[in-house]
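*Asks:* Following is a predicted model, sequence given first.
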Amino acid sequence: MRLLNLPGIRPWAGPPPPVPAHLEPIAVSGFTLAQTFGSHSTLRLKISSHHSGNHCVPHLPALLPSHSICSPQIPIAYSLISLFLLLQGFPGVIGCIDGTHIPIIAPSVNEGDYVNRKSFHSINVQIICDAANIITNVEAKWPGSVHDSRIFRECTLSTKFGHGEFTGYLLGDRGYPCLPYLLTPYPDPEPGPQQRYNLAHCRTRARVEMTIGMLKARFQCLQRLRVTPERACDIIVACVILHNIATIRGEHCPSEPNISSDPNHEHPDPPTDIQDGRAVRDTVCHNHFL
């Protein structure tokens with residue numbers, strides 16, 4: 001798993017400063033991406049001219065562990081909850097989760113595994129973001145035929161939630177089962193609290209759709225990657241890192257992100273909700289949306 005968490009940092013008020021030395025390899029990877037794949041990122045980087053950048057992207061995953069934070073600390077978790085509460089009044093949220101399909105060319109090995117429900121080849125990428133559009137978790141390693149619920153079930157983050165290592169909830173759509181730590185909408189809401197719960201859930205969870213839209217607007221290469229699946233995953237993670245840097249610096253997207261649901265990411269067969277998850281959802285609904 002590749003975890004990214006950059007909490008508690010505010011956008012720069014003035015001109016962007018030079019990239020810190022420990023982030024230069026990542027920044028150079030972004031420069032290489034821009035040259036190779038035509039990224040339209042507005043990120044302005046000051047990088048020493050002695051970096052060629054020609055071989056940084058393939059080695060990027062080896063750099064990630066030293067710049068990763070695997071779980072939000074308790075004060076940070078409460079800060080995230082407060083920010084999400086201010087958005088639409090949904091309590092206890094520390095992140096919004098969704099999947100997005102990144103199209104790729106047909107691979108030469110296990111080609112059928114990469115064909116998704118829309119009949120094109122893709123990587124199914126799991127994204128979790130905070131209220132400030134920072135991507136705090138990315139899973140970029142699964143072929144397009146794999147369901148969102150399986151990706152979350154088999155990731156380390158799910159195990160950590162199951163062991164009670166986090167305080168708060170994730171919000172997800174009907175592509176996920178309702179769990180005690182991952183709340184989904186009511187499938188057939190009754191008038192009153194359930195409808196108000198669903199409305200607040202939808203408006204809060206829209207943050208991850210906006211974040212994915214911003215990521216794809218900044219990096220047009222993600223419209224279709226003409227590389228092997230392994231290299232595609234490296235490029236996706238590099239784009240996520242650069243998106244976070246741009247967001248922290250207050251950089252604007254080159255175009256308005258599409259915040260509507262991804263038409264390539266429908267869930268015709270939603271997974272079965274877990275009883276304990278339904279009980280937590282009912283408690284949240286009746287305590288906060290009466």
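*Replies:* Good, I have the coordinates. Numbers count the residues shown, from 1 in each chain.
*Asks:* Check whether A217 really touches P254, as I assumed.
*Replies:* Yes: using C-beta atoms under 8 Å, A217 is in contact with P254, at 6.2 Å. (Glycine included, C-beta is placed from N, CA and C.)
*Asks:* who has more neighbours, the two?
*Replies:* A217 (19 against 15; other C-beta atoms under 10 Å).
*Asks:* Quick one: list the elements packing against the lengthiest strand in the chain.
*Replies:* Secondary structure of the chain read by DSSP state E shows that its longest strand is strand 93-103. Strand 93-103 sits against helix 74-88, strand 122-129, strand 135-143, helix 148-153, strand 169-171, helix 193-218, with contacts defined as 3 or more C-beta pairs under 8 Å, 6 or more residues apart in numbering; DSSP states H and E.
*Asks:* Neighbouring strands - and their directions - for the shortest one?
*Replies:* I take that to be strand 169-171. Neighbouring strands of strand 169-171 in its sheet, by DSSP bridges, are strand 93-103 (parallel), strand 182-183 (parallel).
*Asks:* In JSON lines, list those strands along with mean pLDDT.
*Replies:* Shown next, in JSON lines, are the strands paired with strand 169-171 (pLDDT from 0 to 100):
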{"stretch": "strand 93-103", "mean pLDDT": "95"}
{"stretch": "strand 182-183", "mean pLDDT": "97"}
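*Asks:* So, low pLDDT: which residues of the stretch 51-200 of the chain?
*Replies:* 51-80 (pLDDT under 70).
*Asks:* how far does stretch 96-116 stretch from start to finish?
*Replies:* When the termini of stretch 96-116 are compared using C-alpha to C-alpha, to the nearest Å, they are 23 Å apart.
*Asks:* cool, stretch 152-161 as well?
*Replies:* End-to-end distance for stretch 152-161: 11 Å, by C-alpha to C-alpha.
*Asks:* buried sites along that stretch?
*Replies:* Across stretch 152-161, burial judged by 16 or more other C-beta atoms under 10 Å covers F152, C155, L157, S158, F161.
*Asks:* Phi, psi for the second one please.
*Replies:* Meaning C155. Backbone dihedrals for C155, given as degrees, to the nearest 10, come out at phi -90, psi 150.
*Asks:* wait, isn't it in contact with Q126?
*Replies:* Yes: using C-beta under 8 Å, C155 is in contact with Q126, at 6.9 Å.
*Asks:* that older thread, save the buried residues of stretch 152-161 as CSV, and put in distance to G99 too.
*Replies:* Output for those, formatted as CSV (distance: C-beta to C-beta, whole Å):
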residue, distance to G99
F152, 9
C155, 12
L157, 14
S158, 14
F161, 17
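*Asks:* List just the nearest of these to N287.
*Replies:* F161 (20.6 Å; C-beta to C-beta).
*Asks:* returning to that earlier point: quick one: closest of the strands paired with strand 169-171 to T167.
*Replies:* T167 sits nearest to strand 93-103 of all these, at 7.3 Å, using C-beta to C-beta.
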